[in-house]
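Undergrad: when you get a sec, could you give me coordinates for this:
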Amino acid sequence: MIEITSVTAMENTNYTGEKIFKDAQDFLPINGTDYVEMYVGNAKQAAHFYKTAFGFQSVAYAGLETGKKDTVSYVLQQDKIRLVLTSPLQQDGPINEHINKHGDGVKVIALWVDDATKAWEETTKRGAVSFMEPQKEEDEHGYVVKSGIHTYGETLHIFVERSNYKGVFMPGFQAWESDYSPAPVGLKFIDHMVGNVGWGEMNKWCEFYAKVMGFTQLVSFDDKDISTEYTALMSKVMSNGTGRIKFPINEPAEGRRKSQIEEYIDFYNGAGVQHIAVATDNIIETVAALRARGVDFLRVPEIYYDDVLNRVGEIDEDLEPLKKLNILIDRDDEGYLLQIFTKPVLDRPTMFFEIIQRKGAQSFGKGNFKALFEAIEREQESRGTL
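TA: Numbering: from 1, shown residues only. Okay, here's the model as predicted:
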């Protein structure tokens, strides 16, 4: 059963994600996602993968040539999506420990704010554990102010204030010029980012986002919504005041076998970012390009398409290319959406990507849950982890 529940005082609300929440608007306005930083074993090779497979473009670099002695970072971008890939240059240290424990994975979800100092003050006084007090970084192009707090697992939120900076990314980075620039594939922005947490921890972290960051609960799914014959999970979606930032939080639920959330936590060794959903204006063109570049996607049986239009109604697209590419369809009161999920993009069965095109719909594909999770279970079975 879906429920839409307010967690903060509201002046006005609707199910479009464009909300006005008193608390959220007052103390933590967020303009959008600034960047997502991943700790990886080999940043140079990871950058080549995201350029080749996903069409990201070279932006900036920091390493030995820029005076960094302990780490190297490559910055890539496609439209409004910015990835930072960071590797250690020396033995030991926190980045090595993170990679040894988790494998490659998301360390930082950076949020673009107008005032990083105020963001830190407001969140820490509401109970957030500080990671970084506000600090000013500057060079000849201006300055950036950053601050940070801890969230689930070892994941961080870094608040980035960059209105007074005109450089390529931020101080300490230089422009990364590359002769190898595969074309973009039409990815536009981050639609949402999903966190997996342990047994009984979902409500704790939803309360964190409500109390500490002024988010509201947009929608929740219980084990009746997200279950198959073998596995189940529960999920709640937390959204900031404008609806630009959406963080679904998943936890396992009791099932006959090990769920995808349990598999993730076993291999990631704790809570972390499960997947990044990226938006496109033309999912058929985007997915066709990604498949041609070697990106592997989950597949559902052809029978899924036999009655899908009876379930979702009329859509603008021809069904045949959606069926050929294995793109899923769902509808809510606002419209419909098209979505597809990659297989894990890492050796460990942890992080993956969702490609999504919204045609009015503001939901998350509830009608596809059963087919999707059965597809995931087939992959788990092939890995011997179901």
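
Undergrad: so how far is residue 142 from the closest residue to residue 35 other than its chain neighbours?
TA: By the measure of C-beta to C-beta, 6 or more residues apart in numbering, the closest residue to residue 35 outside its immediate chain neighbours is residue 82, 4.1 Å from it. For every residue, glycine as well, the C-beta is placed using N, CA and C. When distance is defined by C-beta to C-beta, to the nearest Å, residue 82 is 18 Å away from residue 142.

Undergrad: if you count surrounding residues, which of these two has more?
TA: residue 82 (21 against 15; other C-beta atoms under 10 Å).

Undergrad: what about residue 316, how many residues nearby?
TA: Should you count by other C-beta under 10 Å, residue 316 turns out to have 7 residues around it.

Undergrad: against residue 335, how distant is it?
TA: According to C-beta to C-beta, residue 316 and residue 335 sit 10 Å apart.

Undergrad: joint contacts of those two?
TA: A shared contact of residue 316 and residue 335, defined by C-beta atoms under 8 Å, 6 or more residues apart in numbering, is any residue touching both; here these are residue 359.

Undergrad: what ranges do the helices span in the stretch 251-386 of the chain?
TA: 260-268, 283-292, 308-312, 319-325, 369-383 (DSSP state H, counting those that start in this stretch).

Undergrad: in the second one, what's buried?
TA: It refers to helix 283-292. Residues of helix 283-292 classed as buried under the neighbour-count rule (16 or more other C-beta atoms under 10 Å) are 283, 284, 286, 287, 288, 289, 290.

Undergrad: got the contact list for the residue nearest to the first one when sequence neighbours are not counted?
TA: Same thing as residue 283. The shortest distance from residue 283 to any residue other than its chain neighbours is 4.0 Å, reached at residue 357 (C-beta to C-beta, 6+ apart). With contact taken as C-beta under 8 Å, 6+ apart, residue 357 is in contact with 279, 280, 281, 282, 283, 337, 338, 339.

Undergrad: residue 377: which of those is nearest?
TA: residue 339 (18.1 Å; C-beta to C-beta).

Undergrad: tell me how far that closest one lies from residue 173.
TA: Following C-beta to C-beta, the distance that separates residue 339 from residue 173 is 34 Å.

Undergrad: how about residue 360?
TA: Between residue 360 and residue 173 the distance, using C-beta to C-beta, works out to 39 Å.

Undergrad: any idea of the mean pLDDT for stretch 237-249?
TA: On average, the pLDDT along stretch 237-249 is 93.

Undergrad: start and end of it, how far apart?
TA: The first and last residues of stretch 237-249 sit 6 Å apart, counting by C-alpha to C-alpha, to the nearest Å.

Undergrad: ok, and for that stretch, which residues are buried?
TA: Using 16+ other C-beta under 10 Å as the burial criterion, the residues of stretch 237-249 that qualify are 237, 238, 239, 240, 241, 242, 244, 245, 246, 247, 248, 249.

Undergrad: in a markdown table: those residues, plus distance to residue 208 and secondary structure.
TA: Output for these, formatted as a markdown table (distance: C-beta to C-beta, whole Å; DSSP: H, G, I helix; E, B strand; the rest coil):
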| residue | distance to residue 208 | secondary structure |
| --- | --- | --- |
| 237 | 14 | strand |
| 238 | 9 | strand |
| 239 | 14 | strand |
| 240 | 13 | coil |
| 241 | 16 | coil |
| 242 | 19 | coil |
| 244 | 19 | coil |
| 245 | 14 | coil |
| 246 | 15 | strand |
| 247 | 10 | strand |
| 248 | 14 | strand |
| 249 | 9 | strand |
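
Undergrad: what's the most distant pair in those?
TA: Taking C-beta to C-beta as the measure, the buried residues of stretch 237-249 span a maximum distance of 19.2 Å, between 242 and 249.
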